[in-house]
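[1] Kindly return the folded structure for what I paste below:
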Amino acid sequence: MMKLTNYDFASIILIVVMFAISFYMYPSLPDQIPIHWNASGQVDGWGAPQTIFLFPVIVALVYGLFLAIPKIAVYKKNIQDFKHFESMKFMLIVFLSAFYLATLFATQGYDFKMNYVFMPAIALLLLYFGYIMKDMKRNYFIGIRTPWTLASDHVWKKTHELGGKVFVKLGILMLMGVFVPAKYMLWFILLPILVAVGIMIVYSYIIWKREGKN
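    Numbering: from 1, shown residues only. Just a heads-up that it's a prediction; the model follows:
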C-alpha cells in the first residue's frame, strides 16, 4: 500500500480546494472566461465557463503521474532514493495552482498582466530545481535527459552538478526580469532557457566524449 507523505496530503488538499472553488464560482462566471494570454501578458483567448474545471483536472493528473513514476520508472530505485522527490512533486502542484488562482482573478475582472505572475513563478521554480538538481540520479522522467546523461551515471552526475548552478543563475536572472517591460518578458524567459538547454546538451556530450563513453 502506498504511504502518503505530508507533501501528498498538502497536494491533495490543494487539489480538493481547487475543485471546491471551481464548483462554487461556476454559477457566477461570465459566458466567456480568459484562458490564454499573449506575449505581452494580455488576454487573447477566451473559453466557456466550464473550462474552469480543466485546471484542477490537469493538476490532479499531474499529481497522479508523479504518484505512478516511482512504480513505473526504469531506474525506479534512483527515483525512490531521490530525497527531494516529494517536495518537488508538491512544488509543481503549487506552481500550477498559482496560475489557476491568477485565472480566477482574471474571471472576476481584475486587470493585470499574466507575465507578472508567470515570470516570478518560473524563476522560483528554477531556483528550486537548481538547488535539488545535484541530488538527482539517472532516470527517464526528471532531470537533464540527453542521450549521453542517460547512457552514463558519471555524465549524468557531472551534467547535473553544472545544471544546478546554471538553473540557480537562470532563476535569479528571471527574478530581475520582473522589472522588464511586459512586452519583452517572454523573450527574457525563452532566450535564457534556450541558451541554458544548449549548454547542458553540449556539456553532456563533451563529458561523454572525454570520460563517459567507455
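[2] Ramachandran coordinates for the nearest residue to Ile142 once chain neighbours are set aside?
    Nearest residue to Ile142, sequence neighbours excluded (Cβ to Cβ, 6 or more residues apart in numbering): Met136, at 6.3 Å. No exception for glycine: its C-beta is placed from N, CA and C like everyone else's. When read as degrees, to the nearest 10, the backbone of Met136 gives phi -70, psi 140.
[3] Distance of Met136 relative to Glu161?
    Distance, Met136 to Glu161, using Cβ to Cβ, to the nearest Å: 10 Å.
[4] So what touches stretch 116-135?
    Residues outside stretch 116-135 that contact it (Cβ atoms under 8 Å, 6 or more residues apart in numbering) are 41, 82-84, 87-88, 91-92, 95, 98-99, 102, 143-144, 160-161, 163-175, 177-178, 182, 185, 188-189.
[5] make it 6 Å
    Residues outside stretch 116-135 that contact it (Cβ atoms under 6 Å, 6 or more residues apart in numbering): 84, 91, 95, 98, 102, 160-161, 163-164, 167-168, 170-171, 174-175, 177-178, 185.
[6] And that stretch, what's buried?
    The neighbour-count check on stretch 116-135 (16 or more other Cβ atoms under 10 Å) flags 117-130, 132-133 as buried.
[7] Dump the C-alpha coordinates for it into CSV.
    Written as CSV, here are the backbone C-alpha positions of stretch 116-135 (Å, rounded to 0.1, in the frame of the first residue of the first chain):
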residue,chain,number,x,y,z
TYR,A,116,4.0,39.4,-13.7
VAL,A,117,2.6,36.1,-12.4
PHE,A,118,4.5,33.8,-14.8
MET,A,119,7.9,35.4,-14.5
PRO,A,120,8.4,35.2,-10.7
ALA,A,121,6.7,31.8,-10.6
ILE,A,122,9.0,30.2,-13.2
ALA,A,123,12.0,32.0,-11.6
LEU,A,124,11.3,30.5,-8.1
LEU,A,125,10.7,27.0,-9.7
LEU,A,126,14.1,27.3,-11.5
LEU,A,127,15.8,28.3,-8.3
TYR,A,128,14.3,25.3,-6.5
PHE,A,129,15.3,22.9,-9.3
GLY,A,130,18.8,24.4,-9.3
TYR,A,131,19.0,23.6,-5.6
ILE,A,132,17.9,19.9,-5.9
MET,A,133,19.4,19.1,-9.3
LYS,A,134,22.8,17.9,-7.9
ASP,A,135,21.0,15.1,-6.0
